[in-house]
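Engineer: Just the structure for this:
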Amino acid sequence: MKIKIFILFAAMFLVAFTSADEFRKVENKAFGVGEKLTFNVNYSFATVGIASFSIPEIKTFSKRKCYRIKFEVNTVPSFDLFFKVRDLYESYLDVEGIFPWRFEQHIREGKFSRDFSAFFDQRKNKAKTTEGEYDIPKYVHDIVSAFYYVRTMDLSKMKKGERFNLKNFYRNKTHELDVIYHGRETVEVPAGKFDCLIVEPLVKEGGLFKHEGNILIWLTNDEAKVPVKVRTKIIIGYVESELTNYENIKAPLKSKQ
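Structural biologist: Here you go, the predicted model:
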């Protein structure tokens, strides 16, 4: 009888220990529930759309607490007549490990539409999508979760021109996602003037703003690493998104001047 009790307690301890250390833990001082960032999307001298990142709530996926992160882009009514856009991305990001469990993409751009979703089984290293099932590396990212993961990173010791690598899954394969650090710059946007870090994600497929050419992101040079400006080169000129409003930022915006 004593042996059975010992085995039972040993098994319970083993399960608890294994569960506690099943995934990595990433310190996150950058963002939390309630954060909302709003941007004007400008082309040439006109504002053609409004974009926003938001974290409205925490949901449970695979018995793990996850941030529900939404990214939306809508053209303004005056531009809808020329080219109407209603894009929505969602990522369910593990609160402790800062990796995704689910990704959704709903694109409505003119006459083009696309709906895509993926469940990332981070225990079995499988992505189950609307188009099939695929092998993935541990802690693979979607494009939204990768962006939020970068916000938790300490970039203070990076030198200009240095890069780091992430893994980004989209459609049916895992892509390399290199990010280049381009140094610091002070920028002024409608939300204020900020000391910023400049990074360039080399997105190969499935980006948020990317259509053609490169993309540069200005992040506040503090623990929040709020994106204040995004510039995407396109065939003719570039599209630029500027922060107009922010709510419920987790860390003080010490970079604001």
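
Engineer: got the residue ranges for the strands in this structure?
Structural biologist: Assigned by DSSP state E, the chain shows strands spanning 36-43, 46-61, 64-75, 86-94, 100-109, 112-121, 126-129, 132-135, 163-170, 173-189, 192-201, 215-220, 227-233, 238-247.

Engineer: I'd like those strands as a markdown table, with distance to residue 253 and mean pLDDT appended.
Structural biologist: Quick note: C-beta positions are derived from backbone N, CA and C, even for glycine. Formatted as a markdown table, the strands of the chain follow (distance: least, CB to CB, whole Å; pLDDT from 0 to 100):
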| stretch | distance to residue 253 | mean pLDDT |
| --- | --- | --- |
| strand 36-43 | 12 | 96 |
| strand 46-61 | 15 | 95 |
| strand 64-75 | 20 | 96 |
| strand 86-94 | 22 | 97 |
| strand 100-109 | 26 | 95 |
| strand 112-121 | 32 | 94 |
| strand 126-129 | 36 | 96 |
| strand 132-135 | 39 | 95 |
| strand 163-170 | 24 | 93 |
| strand 173-189 | 13 | 95 |
| strand 192-201 | 7 | 96 |
| strand 215-220 | 6 | 95 |
| strand 227-233 | 10 | 92 |
| strand 238-247 | 8 | 94 |
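
Engineer: quick one: which of the ones you listed is nearest residue 142?
Structural biologist: Judged by CB to CB, the one of those that comes nearest to residue 142 is strand 100-109, at 3.7 Å.

Engineer: Distance from the chain centre to the closest one, please.
Structural biologist: Between the centre of strand 100-109 and the centre of its host chain there is 12 Å, according to CA atoms, centre = their mean, to the nearest Å.

Engineer: neighbouring contacts of that strand?
Structural biologist: By CB atoms under 8 Å, 6 or more residues apart in numbering, the surrounding residues in contact with strand 100-109 are 61-62, 64, 66, 83-94, 113-120, 122, 140-142, 144-145, 169, 206.

Engineer: and the angle for it with strand 86-94?
Structural biologist: Strand 100-109 and strand 86-94 are oriented at 180 degrees to each other (axes from the mean of the first three to the mean of the last three CA atoms, to 10 degrees).

Engineer: Would you mark the buried spots in strand 100-109?
Structural biologist: Using 16 or more other CB atoms under 10 Å as the test for burial, strand 100-109 gives 100-105, 108.

Engineer: Dump that strand to PDB, keeping only the CA atoms.
Structural biologist: Presented in PDB, the C-alpha positions along strand 100-109 are these (Å, rounded to 0.1, in the frame of the first residue of the first chain):
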ATOM      1  CA  PRO A 100       1.600  31.800 -31.100                       C
ATOM      2  CA  TRP A 101      -1.100  29.100 -30.800                       C
ATOM      3  CA  ARG A 102      -3.400  30.400 -33.500                       C
ATOM      4  CA  PHE A 103      -3.300  32.800 -36.400                       C
ATOM      5  CA  GLU A 104      -6.100  34.100 -38.600                       C
ATOM      6  CA  GLN A 105      -5.900  36.300 -41.700                       C
ATOM      7  CA  HIS A 106      -9.000  37.800 -43.400                       C
ATOM      8  CA  ILE A 107      -8.100  40.000 -46.400                       C
ATOM      9  CA  ARG A 108     -10.500  42.100 -48.300                       C
ATOM     10  CA  GLU A 109      -8.600  44.300 -50.800                       C
END
